[in-house]
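S.K.: Here's a sequence, model it:
(chains A and B)
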Amino acid sequence: MKKTIILGALTAAGLAAAGAASAGTLDDVKARGKLNCGVSTGLVGFAAPDANGNWQGFDIGVCRAVAAAVLGDPTAIEFVPTTGKTRFTALASGEVDMLARNTTWTFTRDVDLKFEFVGVNYYDGQGFMVPKSLGVTSAKDLDGATVCIQTGTTTELNLADFFRSNNMNYEPVPIETNAEAQQQFLAGACDTLTTDASGLAATRAAFENPHDYVILPEIISKEPLGPLVRHGDQQWGDIVRWTLNALISAEELGITSANIDELAKGTNNPEINRILGTEGDLGGMFGLDKQWAYRAIKAGGNYGELFEKNIGENTPVGLSRGLNAQWRDGGLIYSPPFR
Amino acid sequence: MTTHEPIAYVREKMAEQKAPPPTSVGILGWIRANLFPDLVSGILTVVALFIVYSLVSGLLPWLLHGVWNASSLDECRKIIAERYGEGASGACWAVIHERFWQLMYGFYPSHLYWRPNLAFVLLLLGIAPVLFDNLPRKMLLITIAVPFVGPWLLWGGSVWVPIMVFLGFVIGIMVNRFVGRMSGALVGIIVGVLAAVVWWLFLSGPAADLVQSIIPLSIEPVASRNFGGFMLAITLGITGIAMSFPLGIFLALGRQSNLVILKTMSVGFIEFIRGVPLITLLFVASVLLNYFLPKGTEFDIILRVMIMITIFSAAYMAEAIRGGLAALPKGQYEAADALGLDYWQAQRLIIMPQALKIAIPSIVSIFIGLFKDTTLVSIIGLSDPIGWVKLIQANAEWNGIVWELYGFVAFVFFLFCFSMGRYSMYLERKLQTGH
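M.R.: All right, here's what the predicted structure looks like:
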């Protein structure tokens, strides 16, 4: 047994592997040959490993697009699962290059925590789910209710704000993860479950009797979820921002993973040509080649395709586009022009 | 008058033995003696039987209606409804069936599963001669090799790294012998340890690289991040157990020592670590260290967690062993002194064997606790079995499945902890020398 102290030595040897001054994130990623992408420890439709261990989901799609744009390979990614508590340290310390982890864009996170939200890939809002048997039809009827709430999230603060501004009381039942929240709610530990409306829909879809539960019409907060990077590396921020914009513009301009090879041969639409690199050299301006956006869109399809495949109406999550439709269809998804 | 008339009142033949009353033998007797000896016990028996019945009657259909082949929770529910009628409940074991390997190995590449398997077998072979003393002593060679070969198999990479690490021990021991002969045992130990540490920190890395460039011998490396499931729990548990045990012994001895500095340091370490919850230490490992270390430092998260788990349980281990030391009669120490043994000889031959024997139950409890505590790492984003349960639940197909996954994890943990407990009982019986 004494000989096993040796393991301690191995540990000490691990310490020696230090050093390497960090240049720009882009150079780091290229040198490493892999993108370190911070993702959720599992959220239905947004991030989860499938039976073969491949990560799938709407947020994962953003990671893959960036990896394809920068490294030319949508699978050259090291996915780093982060919890609500560890996500910001992981990004700030450089453990991950970007976070694509259903994180709400708020003032303090942007300014005080020194991050840069590069855009919004999902407009969410906080809602309530109650059992039908409770007979509640509006969130305003929830005075005195017990509420299952995930700790360490903006939903916790929104809940307090909502009840205070409506002069109502509630009793919080603090819960660590979404899966636990479902179980507690089903077991009757609380009258109502509150989280982002997308999460509520996914949760309800998994219940054995989804029709016994209703999602109340009130949305009590704005939750713009988007990918984020560290302050101070503008070039890297631009790359992630415009990769997301490329996905959004692709949907608007009708570039899909099916017709992209056709369109990449050149079209009459100058903006499509600029995005796909047949005209001008937008990629060269931030240190990538001309084909960066082509690869990003090809990786998993445009914004609309990602949405339909992972969280759209034909998936178990079953979300409608709603606020997340293109601006032309009455939604908020809007990309600045590629020019 | 001498006729031999039988005397009526003397019995010459024993009467046939009658069977005992049926209420005191056999099943009936056992039931009466054990379950219904008096009114209160009888009532308690009935209540307990009722509880057992309601548990079994609820669980058994659920277990028996289990579905092993399905690709989603919905499909499971449909199959159950089809087979056993609407509203029947049943376990959806299909999720375990589909995700078994992920629960076991996490993201570890599937074509390399043989490596952790081999490491585990080697570990068992290495532990065996330590645990059971009737095995050939030559097997101890495996025990020495396991700490080097095991990590190499798990993480892969150049074969020269573990060899160079091993060389560090050789160097340390040789320096210790050499210096110890010249200038006393204590100086020998200090210089030996220093030499080994210097070798590991500054020289072993370049040396391994050098030899690797001359004779390249390596296997496919696997990043720590791909470790997961029970493989991660076992890796953390075993290294934690193996490293905290010797560390705990030294801390316990340090606490009993007459050397003021050593004693103060040991007491300070033990009290500080015991005063802090493990989860705080894990957060320090995962979050705070990231801020302290220079940017871009790659200090493996699993190594950080291993260190934290080790020092945490070493503090408890030290106190358990100190309990054993305190329980030894003073005469044992005096006898060792009277025999003219020096400090280390006395500890090795007389004190420790007895103190450890006394402390076995608490040591094993600490081991079991440590093994179960490894599940806390899911909170800092490592995917141990609990972390994997969450990841699997995040798939649209398996969203909403709870009992099957947690039940399976609990069952496997129980197997491990139960065998550890059994072994400790075996050890106690074997070492029983009391009167």
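
S.K.: burial of the residue in the stretch 1-150 of chain A that chain B sits nearest to, as a residue count?
M.R.: Residue of the stretch 1-150 of chain A nearest chain B, by C-beta to the nearest C-beta: A:G42 (2.9 Å). (Each C-beta comes from the backbone N, C-alpha and C, glycine too.) When neighbours are counted by other C-beta atoms under 10 Å in any protein chain shown, A:G42 registers 26.

S.K.: swap in B:P147?
M.R.: B:P147: 26 neighbours (other C-beta under 10 Å).

S.K.: and it, what element?
M.R.: Here B:P147 sits within helix B:140-155, counting by DSSP states H and E.

S.K.: and that helix, what's its mean pLDDT?
M.R.: The average pLDDT within helix B:140-155 is 87.

S.K.: partners of the helix or strand just after it, with directions?
M.R.: Elements were assigned by DSSP H and E; along the chain past helix B:140-155, the next helix or strand is strand B:157-158. Here strand B:157-158 is paired, per DSSP bridges, with strand B:218-219 (antiparallel).

S.K.: Go ahead and name everything in contact with the partner strand.
M.R.: B:115, B:152-153, B:156-159, B:212 (C-beta atoms under 8 Å, 6 or more residues apart in numbering or on different chains).

S.K.: For B:C92, which non-adjacent residue is closest in space?
M.R.: B:C76 (3.7 Å; C-beta to C-beta, 6 or more residues apart in numbering or on different chains).

S.K.: can you pull the contacts of whatever residue of the stretch 151-300 of chain A ends up closest to chain B?
M.R.: Among all residues of the stretch 151-300 of chain A, A:A206 sits closest to chain B, at 3.1 Å; criterion: C-beta to the nearest C-beta. Taking C-beta under 8 Å, 6+ apart, we find A:A206 in contact with A:44, A:182, A:316, B:73, B:399-400.

S.K.: Scan those residues and report the most crowded one.
M.R.: Going by other C-beta under 10 Å, A:V44 tops those with 30 neighbours.

S.K.: close enough to count as contact, that one and B:G400?
M.R.: No - using C-beta atoms under 8 Å, A:V44 makes no contact with B:G400, being 9.2 Å away.

S.K.: so where is the stretch 51-200 of chain A shaky, pLDDT-wise?
M.R.: Residue ranges of the stretch 51-200 of chain A with pLDDT under 70: none are present.

S.K.: Can you give me the neighbour number for A:P210?
M.R.: A:P210 - counted by other C-beta under 10 Å - has 14 other residues nearby.

S.K.: Next, it: phi, psi?
M.R.: Main-chain torsions, A:P210, degrees, to the nearest 10: phi -60, psi -20.

S.K.: returning to what we had before: please flag which of the contacts of A:A206 sit within helices.
M.R.: A:182, B:73 (DSSP state H).

S.K.: Quick check: the two most widely separated of the contacts of A:A206?
M.R.: For these, the farthest-apart pair by C-beta to C-beta is A:Q182 and A:P316; their separation is 13.9 Å.

S.K.: Near chain A, which residues of the stretch 251-400 of chain B? Just list them.
M.R.: The interface of the stretch 251-400 of chain B toward chain A, taken as C-beta under 8 Å from any C-beta of the partner chain, is made up of B:283, B:286-287, B:290-291, B:293-300, B:303, B:306-307, B:310, B:378-381, B:383, B:387, B:389-397, B:399-400.

S.K.: could you flag which of these are buried?
M.R.: B:283, B:286-287, B:290, B:293, B:297, B:299-300, B:303, B:306-307, B:310, B:378-381, B:383, B:387, B:389-397, B:399-400 (16 or more other C-beta atoms under 10 Å in any protein chain shown).

S.K.: Distance-wise, check A:R339 relative to A:F185.
M.R.: In this view, A:R339 and A:F185 are 49 Å apart by C-beta to C-beta, to the nearest Å.

S.K.: Between these two, which has more neighbouring residues?
M.R.: Counted by other C-beta under 10 Å, A:R339 and A:F185 do not tie: A:F185 has more neighbours, with 25 against 8.

S.K.: which secondary structure elements does the helix or strand harbouring B:S266 contact?
M.R.: Using DSSP H and E, B:S266 falls within helix B:260-274. Where contact means 3 or more C-beta pairs under 8 Å, 6 or more residues apart in numbering or on different chains; DSSP states H and E, helix B:260-274 is packed against helix B:229-256, helix B:301-327.

S.K.: Can you add mean pLDDT and give these back as TSV?
M.R.: As requested, the helices and strands packed on helix B:260-274 are exported to TSV (pLDDT from 0 to 100):
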stretch	mean pLDDT
helix B:229-256	91
helix B:301-327	91
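
S.K.: so can I have TSV of the ones you listed showing distance to B:V170?
M.R.: Shown next, in TSV, are the helices and strands packed on helix B:260-274 (distance: least, C-beta to C-beta, whole Å):
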stretch	distance to B:V170
helix B:229-256	18
helix B:301-327	23
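
S.K.: Nearest approach to B:E271 belongs to which of those?
M.R.: helix B:301-327 (8.2 Å).

S.K.: Give me the angle between whichever helix or strand comes after that closest one and helix B:301-327.
M.R.: Later in the chain than helix B:301-327, the nearest helix or strand by DSSP H and E is helix B:330-338. Angle of helix B:330-338 versus helix B:301-327, following axes from the mean of the first three to the mean of the last three C-alpha atoms, to 10 degrees, is 100 degrees.

S.K.: Show me which residues of the stretch 151-300 of chain A are close to chain B?
M.R.: Counting by C-beta under 8 Å from any C-beta, the stretch 151-300 of chain A sits next to chain B at A:176-179, A:182-183, A:202-203, A:205-208.

S.K.: burial measure for B:G275, as a count.
M.R.: Neighbour tally, B:G275, other C-beta under 10 Å: 9.

S.K.: again, but for A:I275
M.R.: 29.

S.K.: Bridged to A:R230, which residues?
M.R.: Under the criterion used (DSSP bridges), A:R230 bridges to A:F115.
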